[in-house]
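Asker: would you be able to build a 3D model of this:
(one chain, ligands or ions: 2)
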Amino acid sequence: MTTKKLYIKTYGCQMNVYDSARMADVLAPLGYAATEVPEQADLILLNTCHIREKASEKVFSEVGRLRPLKQAAEAAGRRLVIAVAGCVAQAEGEEIQRRAPAVDIVLGPQTYHRLPELVRRAEGGERGRGLVDTDFPVESKFDFLPEETGGQGPAAFLSVQEGCDKFCSFCVVPYTRGAESSRPAAQVLDEARRLVAAGAVEITLLGQNVNAYHGEAPATAAGAPSSWGLARLIAALAEIEGLERIRYTTSHPRDMDDELIAAHRDVPALMPYLHLPVQAGSDRVLAAMNRKHSADDYRRLVERLRAARPDLALSGDFIVGFPGERDQDFAQTLRLVSDVGYAQAYSFKYSTRPGTPAAAVEEQVPDPVKAERLAMLQQLLGAQQLAFNQASVGRRLPVLLERAGKHAGQLAGRSPYMQSVTLEAPPRLLGRIAEVEILEAHPNSVRGRVAAIEPEPVRVDSAARGCAAASAA
Ligand code: SAM
Ligand code: SF4
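Answerer: Numbers count the residues shown, from 1 in each chain. Ligands and ions are numbered 1, 2, ... in the order given. You can find the predicted model right below:
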């Protein structure tokens, strides 16, 4: 089979990063191999994000930049197929082809198992509406995807849950990703074993509301529960030999149940880091956002989590300038941040998303006010992050060495608390966990030196496991 070149550009969240990898897997049987050079590509795939206006507008500018490439390919007598996938594709559908005729394929996040069929048709010269697929099919795409080709490296992502039924009044996710659904536990465990056999030491479980996970339980004795929550899934994953670290993101405060809190105390592989967005510190704003909890509910939850795991590092998301947010509401956000103390956090200006309830509220906050509030919040969060990083100076932390650093001779990795750590180390240590003495703190990272190397984890080769199972059968 001739090798064709696939160039993927991913926008937005980690779930999109995961989806892009799976779309590459699904296209491999058609002869597509990845390229980093769009000029060489036979297929360009933009995997898009619709969460904020800026994110979605970027897609149209990118398509504009790709148009000359398509024309050049045509002039040279070859076909360049352009596909727009992900949440902008879901939200805009056919409108994308209308606004950007260079786009051949439009594909929502729930149908990428159908991508090969669409690509074949586009390669055959088909154009137009027939190549727009924004269904929410009854079948799960995960039942149709080929096994992943590995290659995610030491720190891998694994989607376990998708969609959302919470309908926060500012958010497009329930409309673009669809209703909440969870993958069966056995499917997740199989994928995790394959990732570990391919070199993963850490797995981050992904979901828009990952802690709402309620996947079908593996077939067990009568009387066992028919579904597993996230805590049960994490306990089973922790049994996989060679899987040293487990994380999960993103969590909703209302889905943080007792079992999951206890898992932070009881499961050593579960890293002491939690991304737990609260969005705002004012009860009035939280109610208008439809978050269904108060700021004090969140404070109490954090207390319980820290009682279970005293060194838990917290992260969060914040929105400033939500419609109707007044100075006194914003002051309560600052107070909540001061009370909780974050190791890091993400903060955004409210962005109007068409079709969401908050978009229709008349009392929108002017942009300069949003900008001023964002700067104040980011100053506070930045100071907290720096203080957190400074507090680790002098400590020895286990760091998973994930990738080459920016400078020659450097590697980079993550501490248990998700801090980005850089250090001098030889490339042969990639994928290993090193005990690192932290020497210096920066606003967004720390620098350290290798103090000791942990023994290499035991790996069970999935192919060998498969053979053993087959011969036992
Ligand atoms: N499910 C998670 C939760 O409820 O906490 C959040 C997932 S959402 C994909 C990621 C973040 O994007 C949200 O936590 C929120 O802070 C931000 N976000 C979502 N809609 C937004 C909007 N319209 N304007 C600004 N930020 C937004
Ligand atoms: Fe969006 Fe998260 Fe709210 Fe769901 S829970 S609507 S994903 S912000």
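
Asker: give the contact list for residue 176.
Answerer: Counting by C-beta atoms under 8 Å, 6 or more residues apart in numbering, residue 176 touches 50, 87, 90-91, 108-109. Quick note: C-beta positions are derived from backbone N, CA and C, even for glycine.

Asker: for residue 50, which non-adjacent residue is spatially closest?
Answerer: Distances taken as C-beta to C-beta, 6 or more residues apart in numbering put residue 87 closest to residue 50, at 3.8 Å, once the chain neighbours are dropped.

Asker: my read: that neighbour touches residue 172, true?
Answerer: Yes. Assessed by C-beta atoms under 8 Å, residue 87 is found in contact with residue 172 at 6.9 Å.

Asker: the more surrounded of the two?
Answerer: Each of residue 87 and residue 172 has its neighbours counted (other C-beta atoms under 10 Å); residue 87 has more, 27 against 24.

Asker: state the distance from that one to ligand 1.
Answerer: Residue 87 is 9 Å from ligand 1, where distance means C-beta to the nearest ligand atom, to the nearest Å.

Asker: and that residue, backbone torsions?
Answerer: phi -70, psi -30 (degrees, to the nearest 10).

Asker: retrieve the pLDDT associated with it.
Answerer: Per-residue confidence at residue 87 stands at 93 (pLDDT).

Asker: hey, what's in contact with both of residue 87 and residue 172?
Answerer: 50-51.

Asker: does residue 181 really touch residue 162, like I thought?
Answerer: Yes. Using C-beta under 8 Å, residue 181 is in contact with residue 162, at 5.7 Å.

Asker: out of those two, which sits in the more crowded spot?
Answerer: Neighbour count, other C-beta under 10 Å: between residue 181 and residue 162, residue 162 has more, with 25 against 19.

Asker: just checking, the more buried one touches residue 177?
Answerer: Yes. At 5.8 Å, residue 162 and residue 177 qualify as touching, with contact defined as C-beta under 8 Å.

Asker: need the overlap of contacts for the two.
Answerer: Common neighbours of residue 162 and residue 177, using C-beta under 8 Å, 6+ apart, are 109-110, 208.

Asker: what number of residues lie near residue 245?
Answerer: By other C-beta under 10 Å, 22 other residues sit near residue 245.

Asker: contacting residues around it?
Answerer: Taking C-beta under 8 Å, 6+ apart, we find residue 245 in contact with 155, 201-203, 269, 271, 400, 416.

Asker: just the closest of those to residue 320, please.
Answerer: Comparing the contacts of residue 245 against residue 320 with C-beta to C-beta places residue 271 closest, at 28.6 Å.

Asker: ok, which of the shared contacts of residue 162 and residue 177 also contact ligand 2?
Answerer: Among these, the residues lying close to ligand 2 (C-beta under 6 Å from any ligand atom) are residue 208.

Asker: of the shared contacts of residue 162 and residue 177, closest to residue 348?
Answerer: Nearest to residue 348, judged by C-beta to C-beta, of the shared contacts of residue 162 and residue 177 is residue 208 at 16.0 Å.
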